[in-house]
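> the following comprises the amino acid sequence and a computationally predicted model.
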Amino acid sequence: MAEQHTPVQGTLDDLGTPLSECTFVIVDLETTGTRADAAGITEIGAVKVCGGAVVGEFSTLVNPGVAIPPFITLLTGITQAMVAPAPTIDAVLPGFLEFAGLERGATLVAHNAPFDVGFLKAACAAHGYHWPAPQIVDTVALSRRLVNREEVPNHKLGTLAGFFGVPDQPTHRALDDARATVGVLHGLLERLGAFGVDTAEELRRFRSAPTAAQRSKRRVAEDVPEAPGVYVFTDAKGGALYVGKSTNLRRRVRSYFTGSEKRGRIREMAALVEGVTPIVCETGLEADVRELRLIAERKPPYNRRSRNPERAPWLKLTREVFPRLSIVRTVRDDGAPYLGPFRSAREAELAREALHQAFPLRQCTRRIAPEKPTAACVLAELGRCGAPCAGRETAEEY
């Protein structure tokens, strides 16, 4: 088991939520038409799954408040008589939203999600319910990335359900179609696993299958610890290609070789990677400093900010009788204390302001001659400076 470490700061990558621990709510709607601003919902069906198991189902007819066109009745089998005694959508929404648990982090799944989500959002807006804006997975879009046209003639729900051997076939009734979508989702998630996508965050970023070079280099993550710190990708000669940091080194290193990594330059780098050096850090600050110093020292070509790492800002406590904090771009061998590097001049300025709040250091830039006192500034009157310029403080006291 990995050694326990002090939690790192929020600037590092999130650990990620394993897909096996995610709750998915698969929804399907039947409606009187295709436009959410002109048609009504006639039926809602939803299935909640977690860890591959069904944990609940929701199903109800809905009175749309408008006539159901004959061709819709022919397609779905839902008649005006069936929906007449059903509740209206404003009465159904609270129960559906509570079942779905979208406010609690559940992921909403639908086949052709823009259609179903568009109707649900419009209904919430029309009746004063908050739409929680959950993570959404569209099984149509996902299937187009994972199942090619040599395997299926199209990406319709019925076609994919048959391809994946789903026992529940779609019937144009909401719950039946939601159940069929569950099977399609599980088939697609299995394919994602082969690409190394195993967290909700990686699923959200997934755009296309990893390259052959990415897949072949996944082995470099095998011995990387699941601990916070810094990682250095190296080439066949041991040269640094890229330096980064994470709260979970192994998971972050693996992500470079999955479909969630879509940066062209990084995919190009994957073909050159032959190893990775992990450096475990106790704190986020240590990881920040190590990362920037390694970039400045080794100048890895695939770090965009490595072009001028030597220009990173630092805080310097000047070598004067009454030293002050100065933001500089160069660290000199002059015996002065330096703090940094910082990512930007703004971050360095914020750090200086924090130190000024904690310590009554002078903030003026004038040269102070103890034998020639001058008038103190307003900071002295506020107790923010000991006023060595006015002779109120000796060098030793300062």
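Ah, there it is.
> show the subsequent helix or strand relative to the one helix or strand in the chain whose mean pLDDT sits lowest.
Here the helix or strand of the chain ranked lowest by mean pLDDT, DSSP states H and E is helix 212-216, holding a mean of 69. Downstream of helix 212-216, the first helix or strand assigned by DSSP states H and E is strand 229-234.
> quick check: mean pLDDT across that following strand?
Strand 229-234 shows a mean pLDDT of 94.
> change the start of the numbering to 43 and stick with it
All right, first residue 43 from here; so that's strand 271-276.
> check which helices and strands it sits against.
The contact analysis (3 or more CB pairs under 8 Å, 6 or more residues apart in numbering; DSSP states H and E) places strand 271-276 against strand 282-288, helix 291-297, strand 317-322, helix 326-340. To be clear about C-beta, it is placed using only N, CA and C from the backbone, and glycine gets the same treatment.
> who does it pair up with?
As defined by DSSP bridges, the strand partners of strand 271-276 come to strand 282-288 (antiparallel), strand 317-322 (antiparallel).
> quick check: chain neighbours aside, which residue is closest to Gly107?
Leaving aside its sequence neighbours, Gly107 sits nearest to Gly82 (CB to CB, 6 or more residues apart in numbering; 5.7 Å).
> shouldn't that neighbour be in contact with Pro106?
Yes: judged on CB atoms under 8 Å, Gly82 makes contact with Pro106 at a distance of 2.7 Å.
> what do those two both touch?
Common neighbours of Gly82 and Pro106, using CB atoms under 8 Å, 6 or more residues apart in numbering, are 73-74, 131.
> so how many other residues sit close to Ala88?
Ala88 is flanked by 25 other residues according to other CB atoms under 10 Å.
> can I get the helix or strand containing it in CSV, CA atoms only?
Ala88 belongs to strand 83-92 when assigned by DSSP H and E. Extracted in CSV, the C-alpha atoms of strand 83-92 (Å, rounded to 0.1, in the frame of the first residue of the first chain):
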residue,chain,number,x,y,z
ILE,A,83,-43.6,15.0,-23.4
THR,A,84,-45.9,11.9,-23.3
GLU,A,85,-43.7,9.5,-21.4
ILE,A,86,-40.5,9.4,-19.3
GLY,A,87,-38.5,6.3,-18.6
ALA,A,88,-35.2,6.2,-16.7
VAL,A,89,-32.9,3.6,-15.3
LYS,A,90,-30.3,4.3,-12.6
VAL,A,91,-27.1,2.1,-12.6
CYS,A,92,-23.9,2.0,-10.6
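> any idea how far it is from the middle of the chain?
Computed by CA atoms, centre = their mean, to the nearest Å, the chain-centroid distance of strand 83-92 equals 27 Å.
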